[in-house]
Every structure is written in C-alpha cells, then in structure tokens.
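Undergrad: Predicted model and sequence below, questions to follow.
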Amino acid sequence: MGISNRKNNCAFAVGSLSLLHRAREAVEQITMDREVLHLRNSLIPQYARMVYNGFWFSPERRMLQAAMDEAAQTVTGEARLKLYRGNCMIVGRRAPQPLYDPRLATFELEEVYDQRDAGGFIKLNALRLRMAARAGRRNASKAQ
C-alpha cells in the first residue's frame, strides 16, 4: 500500500485504501467514457447489495461483473496525490491512452469542429422536449 504507520496500521490501512480509490477515480476521469462512467457508478450500489446479501455466484452478479470488467478495460495510468493536513488533492494524472485530446479542445479549427453541425444535434435533442410539451398541452386541454 505504501502508506502506513507503525503505531496503528489498521487506521492507516483504511486511509490508504481511500487514497487508492481517489487515485483510481482520477485516472478513470481521463480514460473512461463519461456515459460509461455514469452507468457504472449507478450500478455499483446494486452490485454491493448483491455481494452483501450473499449472491456472489448468482447469474445477475456475474452479468454485472462482466459490465464492470468491460468498463474498466481502458483504465490504466498514474495519478499524483498531495496530502496535507488530512486533505487529499489530485495534483496530476496521466494515461497512455487518455480520452482527452487538447488538439480537439478548441472551437477555432474548422477541421476539428464545424459549428454548423451543432444545429442538427440541438434540433434532435430538442425533439423529445417538444413532444413532451405537446403532450402536456393535450393533457391540460383534456383536464379543462
């Protein structure tokens, strides 16, 4: 683990596990797709409940495990943490294949991003909102 105290190893083992968790999260943020990360995080409570209730060998736990393993395929890298007065700060992270590419983080280069492309995207995403509004107006007129 790398972090310990001779006087009380048990107390620092929990602390060091939380540091490892923070480091892993930092690497996940630059190597996992955002939607995959959100979905994986939403499934963690169900996974924990299954394990707690003794369903380790159940088909549903194995199915969730396969999803967790698939989500973790891209997670590899390093994170630097700074510890100061009980706080843990992420001060650096790197990965061999991060999802972030600084060359794509600009809206100035037309070969990377054409702002006209946003029009169709916005219209498509707004379609469900227009349909919901239309349904709401119909329901309101029926109530009157």
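TA: Yep, it's here. Numbering: from 1, shown residues only.
Undergrad: what about the helices in this structure?
TA: Remark: helices assigned in the chain by DSSP state H are 9-31, 34-52, 59-71, 117-143.
Undergrad: Those: which one's closest to residue 89?
TA: Closest to residue 89 of the helices of the chain is helix 9-31 (Cβ to Cβ; 9.1 Å). The way it works is simple: take the backbone N, C-alpha and C, and place the C-beta from them, glycine included.
Undergrad: which strands and helices sit next to the closest one?
TA: Packing partners of helix 9-31 (3 or more Cβ pairs under 8 Å, 6 or more residues apart in numbering; DSSP states H and E): strand 78-84, strand 87-94.
Undergrad: from the middle of its chain, how far away would it be?
TA: Centroid separation for helix 9-31 versus its chain: 15 Å, with Cα atoms, centre = their mean, to the nearest Å.
Undergrad: thinking again about what came up before, let me have the helices and strands packed on helix 9-31 in CSV, extended by mean pLDDT and mean neighbour count.
TA: Converted to CSV, these look like this (pLDDT from 0 to 100; neighbours: other Cβ atoms under 10 Å):
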stretch, mean pLDDT, mean neighbour count
strand 78-84, 93, 13
strand 87-94, 93, 12
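Undergrad: I'd like to know which of these is closest to residue 34.
TA: strand 87-94 (15.8 Å).
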